[in-house]
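Trainee: Need the 3D shape of this:
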Amino acid sequence: MESIKQKASTLAPPGVPDFRNLGVMLRLLLVVNLLGLVTVLFRVDTPAMLVPELVLMAGRLELPLLLAVLMLYLASPRLAGLGPRAALAALFGIVVLVVIFSFPLVEGAEPGADASLGRRLAWAAGAAAVCLLYFDYRNRLYSPALTEARLLALTARIRPHFFFNSLNGVLGVIRSDPRRAERALEELADLFRALMQDNRDLVALGDEVALCERYVDLERLRLGERLAVRWEFTDDLDGGVRPMDAQQAALMRAKVPPLLLQPLLENAVYHGVEPSSAPGEIVVRVARQGGMLLLEVDNPVCDAARHQVGNRMALDNIRERLMLFFDLEAALDIDCSEQRYRVRIRMPFRSQAA
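Mentor: Residues are numbered from 1 along each chain as shown. This is a model prediction of the structure:
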């Protein structure tokens with residue numbers, strides 16, 4: 001699901017899901033196996049025949065199902081480029097071809113094989129239709145209007161204390177450094193403008209980094225040298241840590257959910273640096289490993305109980321948005337050890353055109 005805005009808002013025919021999405025593949029396997037179980041339950045008359053019939057159904061079902069999932073995975077980019085009706089026709093064509101190809105391997109040459117093949121084709125077409133209806137229902141369940149409302153509620157979460165603290169910081173320097181105060185007001189306007197934008201689309205990681213830098217600059221008005229933020233960028237080519245430079249341009253074009261890092265950075269400041277009188281360093285790590293993008297925000301821990309309670313809303317927020325954009329392909333993990341609190345995010349690496 002590259003962009004939530006791309007979901008159809010009209011009552012169109014069921015579309016073809018992204019068969020390269022891990023969540024789609026797992027749900028497809030689950031739904032078809034449940035249909036096989038229901039078929040056996042309807043067909044069995046005596047409890048003693050239940051287990052043999054289940055074993056027989058599994059033997060007939062799993063090979064064609066796995067072959068179909070593999071073919072749909074390989075054909076997914078082509079299906080995405082077709083119109084809805086052409087994609088549906090191609091999908092059913094793949095299902096029919098898989099059933100015909102695997103039928104001799106499963107059934108062998110037995111009397112009545114032609115009739116049995118017809119039943120297998122009918123069952124497979126019915127199962128495919130049920131799966132498409134399920135995915136269409138799930139897609140409509142997260143309809144654009146509902147998803148937009150949820151995302152607006154999820155992203156409009158910047159703490160009021162930050163706004164007032166920023167204004168107080170501006171007032172504190174407006175006489176001594178009016179140019180700095182003017183720049184801070186511009187940064188504050190940019191930050192809130194980003195919060196009020198249409199946040200249904202993935203954005204460039206470089207934009208998120210720039211937004212975070214504006215946020216940190218504002219926080220330094222009141223925290224001064226107590227706040228230190230270090231950015232680390234790594235890639236899967238040399239594995240070395242190095243500062244952001246021209247070689248990181250491709251990484252900065254990675255597409256991520258909007259307002260992904262800023263809430264984590266805000267939590268790190270609010271719970272890891274602000275309560276302490278000593279300087280604190282926040283480390284933000286960005287890495288690419290194969291087809292995955294890894295993000296980590298690492299901050300000191302001053303009050304573990306307060307930190308975890310205060311973080312719950314932000315982390316639940318980000319988990320839900322990752323689910324909306326990437327389904328099961330993204331994950332958020334937390335590690336609290338050695339007086340450091342680390343939030344790690346893993347998601348598919350998708351890049352904008354240069």
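Trainee: Could you list the low-confidence segments of the stretch 1-150 of the chain?
Mentor: Scanning the stretch 1-150 of the chain for pLDDT under 70 picks out 1-15, 108-115, 142-150.
Trainee: so where do the helices sit in it?
Mentor: Counting by DSSP state H, counting those that start in this stretch, the stretch 1-150 of the chain has these helices, from start to end: 22-43, 50-81, 84-107, 113-141, 144-155.
Trainee: Quick check: which of those is nearest to Ala287?
Mentor: Nearest to Ala287, of all the helices of the stretch 1-150 of the chain, is helix 22-43, at 20.3 Å by Cβ to Cβ. C-beta: built from backbone N, CA, C; applies to glycine.
Trainee: List the contacts of that closest one.
Mentor: By Cβ atoms under 8 Å, 6 or more residues apart in numbering, the surrounding residues in contact with helix 22-43 are 17-19, 50, 53-54, 57-58, 61, 65, 69, 72-73, 123, 127, 130-131, 134-135, 327-329.
Trainee: Just want the angle from it to helix 50-81.
Mentor: Between helix 22-43 and helix 50-81, the angle comes out at 140 degrees (axes from the mean of the first three to the mean of the last three Cα atoms, to 10 degrees).
Trainee: Doesn't Arg344 lie inside a helix?
Mentor: No - when classified by DSSP: H, G, I helix; E, B strand; the rest coil, Arg344 is found to be strand rather than part of a helix.
Trainee: Neighbours of it, how many?
Mentor: For Arg344, the count of nearby residues is 15 (other Cβ atoms under 10 Å).
Trainee: any low-confidence regions in the stretch 201-350 of the chain?
Mentor: 236-247, 303-313.
Trainee: All the strands of it, residue numbers only.
Mentor: Using DSSP state E, counting those that start in this stretch, the strands found in the stretch 201-350 of the chain span residues 203-204, 227-234, 255-256, 280-289, 292-300, 331-337, 340-348.
Trainee: So which of those is the most surrounded?
Mentor: A comparison of these by mean neighbour count, using mean count of other Cβ atoms under 10 Å, puts strand 255-256 on top with a mean of 22.
Trainee: Quick one: residues in contact with it.
Mentor: With Cβ under 8 Å, 6+ apart as the test, strand 255-256 has contacts from Glu2, Leu202, Val203, Ala204, Leu205, Glu208, Leu293, Leu295, Met347, Arg350, Ser351, Gln352.
Trainee: Count residues in the vicinity of the nearest residue to Val130 once chain neighbours are set aside, would you?
Mentor: Distance criterion Cβ to Cβ, 6 or more residues apart in numbering; nearest residue to Val130, sequence neighbours excluded, is Leu35 at 6.3 Å. A count of neighbours around Leu35, defined by other Cβ under 10 Å, yields 16.
Trainee: Equivalent analysis for Phe135, please.
Mentor: Neighbourhood size, Phe135 [other Cβ under 10 Å]: 19.
Trainee: you'd agree it is up against Asn21?
Mentor: No - counting by Cβ atoms under 8 Å, Phe135 sits too far from Asn21 to count as a contact (10.4 Å).
Trainee: Can you give me the domain boundaries for the protein?
Mentor: Per the record, the chain has its domains at 4-141, 145-348, by automatic domain parsing.
Trainee: And the contacts of helix 22-43, which of them are buried?
Mentor: Neighbour-count burial (16 or more other Cβ atoms under 10 Å) applied to the contacts of helix 22-43 gives 17-19, 57, 61, 65, 69, 72, 123, 127, 131, 134-135, 327, 329.
Trainee: about what we covered before: most tightly surrounded among the domains of the chain?
Mentor: domain 145-348 (a mean of 16).
Trainee: Could I get the contacting residues of Met347?
Mentor: Val256, Met292, Leu293, Leu295, Leu322, Phe325, Phe326, Glu329, Ala330, Ala331.
Trainee: again, only using 10 Å
Mentor: Met347 sits next to 202, 254-257, 260, 292-295, 322, 325-326, 329-332 when contact means Cβ atoms under 10 Å, 6 or more residues apart in numbering.
Trainee: Dig out what it forms beta bridges with.
Mentor: Each beta-bridge partner of Met347 is listed here, defined by DSSP bridges: Leu293.
Trainee: where's it relative to Met71, distance?
Mentor: Distance, Met347 to Met71, by Cβ to Cβ, to the nearest Å: 26 Å.
Trainee: same question, Pro300
Mentor: To Met71, Pro300 is 51 Å away according to Cβ to Cβ.
Trainee: Could you find the closest non-adjacent residue to Asp235?
Mentor: Arg288 (5.2 Å).
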